[in-house]
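*Asks:* return atomic coordinates for the entry below.
(chains A and B)
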Amino acid sequence: MVYENEEQDKQWRALIVKAQSGDSAAYRELLSALVPVIRRAVVKSLPSPDSADDVVQEVLLSVHKALHTYDSNRPFTPWLMAIVSFRKTDFLRQHYAARGNKQVSLESVDIPDYLNSSDSSMNCHDIENAINELPKKQRKVVELLKIKGFSTKEVSEQTGLSETAVKVTMHRALQKLKEKLA
Amino acid sequence: MNNDKIDKTIQDLCGELKPVCCVNPLWRALLWILMVVCYTSAVAMTIGLRENIAEAMNREDYIFELILAFSTGISASLMTFWLSIPDCDRYKRFLAVPLTLLAVQIIWMLDRLYFEGMGSIRENWLSHCWINTALHTTLPAIAVLILVRKGATVMPCALASYAVLAVSEFGWIGMRLVCPHDNVGEAYFLNFLPYVIIGIIAGFAAKKLFRW
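*Replies:* Numbers count the residues shown, from 1 in each chain, chains lettered A, B, ... in the order given. Take a look at the predicted model:
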């Protein structure tokens, strides 16, 4: 099997063989070299980058515990990655189990009333006002396309504009709304 | 990122480092198989082989059954020990071997059950060889647990399943050597099934048992 970085694998293999015979300098060099690799391998699948350090530590401890199971005739990377994957899965399992305990029922959640709250109704009015201030043709297209949910073809049939013209009008209307609401 | 914490961990681990000897899982598997074969033979000899062993040994179905159980036991033992190391991906292609042999064995048993029936389970409830099965399976189960825990598995549940299968197969062979009853219903449901169930329940604790 050819790995992406076969040279690096050879170096690590040499270091772990020395570590197995008790060479702590080689072991330190190996573990230090592995830290960024492990971090890169786990960080994307973790819920937050902060937890990557915990998993890296777990993996380092596991590498230490499983040191005697490494066969020096075999590539090092698959052995390491199996441990990384195992510990990452372990961490995620614990994380989601803990998250499950934190779940609360919907009844107990205080959901704000967006329709009646003054801030949100103000926002709705702002949008309505901005639409009303649009030129008649643009307002009509926005209403049909975005509020009533007609397709471009249907809007084109109702307004007598071509489909391309409907799209251009819609684009310009959205630009104006964006400027007004900014 | 908390590099100080990781540096401290590396420092501690380097301080704890001792020379380690790498043991091939295959050697552990062979050691266990050898031990179990000797143990099963010794227990069978101590209890006493079944009275009709000479006649049974001339029957093709009995020999086939023992060979099938032995092959399943050997392949399941190898898988158990191969799964006890992190880099077990290369052995995954052999995962199907013990399972296929087990499937053949189950089909063979169901076929026999169809023709032989369940036997006299109720009458023979207390007079069967289930204690012999317990003798045949307990020590191998403890031994496999100890040996496998010396490894570092990343597939604890699969490992536990194969360990249960390996111990069961050798237990089955031992039981068939000492128990004179050939009816598959009695042999299986009275003598063997309870231990398989115990093994499966123990397998559910695999993650705790094989934690490292």
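*Asks:* what sits against residue A:26?
*Replies:* A:14-16, A:18-19 (CB atoms under 8 Å, 6 or more residues apart in numbering or on different chains). Bear in mind the C-beta positions are built from the backbone N, C-alpha and C, glycine included.
*Asks:* weed out the non-buried ones from those.
*Replies:* A:15-16, A:18-19 (16 or more other CB atoms under 10 Å in any protein chain shown).
*Asks:* what number of residues lie near residue B:85?
*Replies:* 25 (other CB atoms under 10 Å in any protein chain shown).
*Asks:* would you confirm that residue A:127 contacts residue A:181?
*Replies:* Yes. Counting by CB atoms under 8 Å, residue A:181 is a contact partner of residue A:127 at 6.9 Å.
*Asks:* out of the contacts of residue A:26, which is nearest to chain B?
*Replies:* residue A:19 (6.6 Å; CB to the nearest CB).
*Asks:* can you tell me the SS state at the closest one?
*Replies:* Secondary structure, DSSP: H, G, I helix; E, B strand; the rest coil: residue A:19 is helix.
*Asks:* the residue nearest to it when sequence neighbours are not counted: what secondary structure?
*Replies:* Nearest non-adjacent residue to residue A:19, counting by CB to CB, 6 or more residues apart in numbering or on different chains: residue A:27, 3.8 Å away. Here residue A:27 is recorded as helix under three-state DSSP.
*Asks:* burial of the residue lying closest to residue B:82 once chain neighbours are set aside, as a residue count?
*Replies:* Excluding the flanking residues, the one nearest residue B:82 by CB to CB, 6+ apart is residue B:91, at 4.0 Å. Each residue near residue B:91 was counted by other CB under 10 Å, and the total is 15.
*Asks:* wait, residue B:91 sits on residue B:75?
*Replies:* No. Counting by CB under 8 Å, residue B:91 sits too far from residue B:75 to count as a contact (11.2 Å).
*Asks:* mind listing what's buried in the helix or strand that residue A:141 is a member of?
*Replies:* Take DSSP states H and E as the rule and residue A:141 turns out to sit in helix A:136-142. For helix A:136-142, burial by neighbour count (16+ other CB under 10 Å) applies to A:138, A:140-142.
*Asks:* could you do stretch A:63-77 as well?
*Replies:* In terms of neighbour count (16+ other CB under 10 Å), stretch A:63-77 has its buried residues at A:63-64, A:66-70, A:75-77.
*Asks:* next, see if that stretch gets close to chain B.
*Replies:* Yes. Stretch A:63-77 comes into contact with chain B (CB under 8 Å from any CB of the partner chain), by way of A:64-72, A:74.
*Asks:* relative to the whole chain's centre, how far out is stretch B:60-75?
*Replies:* Computed by CA atoms, centre = their mean, to the nearest Å, the separation of stretch B:60-75 from the middle of its chain amounts to 14 Å.
*Asks:* what does that stretch contact?
*Replies:* Counting by CB under 8 Å, 6+ apart, B:33, B:36, B:56-57, B:94, B:97-98, B:101-102, B:104-105, B:108, B:112, B:165-166, B:169-170, B:172-173, B:176, B:182 sit against stretch B:60-75.
*Asks:* one more: stretch A:141-150?
*Replies:* So stretch A:141-150 is in contact with A:131, A:134, A:152, A:154-155, A:158-159, A:161, A:166, A:169-170, A:173-174, A:177, going by CB under 8 Å, 6+ apart.
*Asks:* quote the end-to-end distance of that stretch.
*Replies:* 10 Å (CA to CA, to the nearest Å).
*Asks:* ok, now stretch A:61-78?
*Replies:* First residue to last in stretch A:61-78 (CA to CA) measures 17 Å.
*Asks:* mean confidence for that stretch?
*Replies:* Stretch A:61-78 shows a mean pLDDT of 90.
*Asks:* ok, stretch A:25-33 next?
*Replies:* 92.
*Asks:* please point out which parts of that stretch sit buried.
*Replies:* Buried-residue list, stretch A:25-33, by 16+ other CB under 10 Å: A:26-31.
*Asks:* alpha carbons only: can I get that stretch in PDB?
*Replies:* Once non-C-alpha atoms are left out, stretch A:25-33 reads as follows in PDB (Å, rounded to 0.1, in the frame of the first residue of the first chain):
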ATOM      1  CA  ALA A  25      14.000  11.100  23.200                       C
ATOM      2  CA  ALA A  26      12.700   9.300  20.200                       C
ATOM      3  CA  TYR A  27       9.400   8.900  21.900                       C
ATOM      4  CA  ARG A  28       9.100  12.600  22.700                       C
ATOM      5  CA  GLU A  29      10.000  13.400  19.100                       C
ATOM      6  CA  LEU A  30       7.400  11.000  17.800                       C
ATOM      7  CA  LEU A  31       4.600  12.300  20.100                       C
ATOM      8  CA  SER A  32       5.400  15.900  19.300                       C
ATOM      9  CA  ALA A  33       5.300  15.200  15.600                       C
END
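*Asks:* buried subset of the contacts of stretch B:60-75?
*Replies:* The buried subset of the contacts of stretch B:60-75 - by 16+ other CB under 10 Å - is B:33, B:36, B:56, B:97-98, B:101-102, B:105, B:112, B:165-166, B:169-170, B:172-173, B:176, B:182.
*Asks:* for chain A, which residues are neighbours of chain B?
*Replies:* Proximity of chain A to chain B is confined to A:19-22, A:24, A:27-28, A:31-32, A:35, A:39, A:52-53, A:56-57, A:60-62, A:64-72, A:74, A:78-79, A:82-83, A:85-86 under the rule CB under 8 Å from any CB.
*Asks:* so which of those are in helices?
*Replies:* In this view, the residues of chain A next to chain B that belong to helices under DSSP state H are A:19-20, A:24, A:27-28, A:31-32, A:35, A:39, A:52-53, A:56-57, A:60-62, A:64-65, A:78-79, A:82-83, A:85-86.
*Asks:* so who does residue B:86 touch?
*Replies:* A:66, A:69, A:79, A:82-83, A:86, B:152-154.
*Asks:* what is the mean pLDDT for the helix or strand that contains residue A:165?
*Replies:* Using DSSP H and E, residue A:165 sits within helix A:163-181. The average pLDDT within helix A:163-181 is 88.
*Asks:* what lies in contact with it?
*Replies:* So helix A:163-181 is contacted by A:126-127, A:130-131, A:133-134, A:137-139, A:141-142, A:145-146, A:152-153, A:155-156, A:159, A:161 (CB under 8 Å, 6+ apart).
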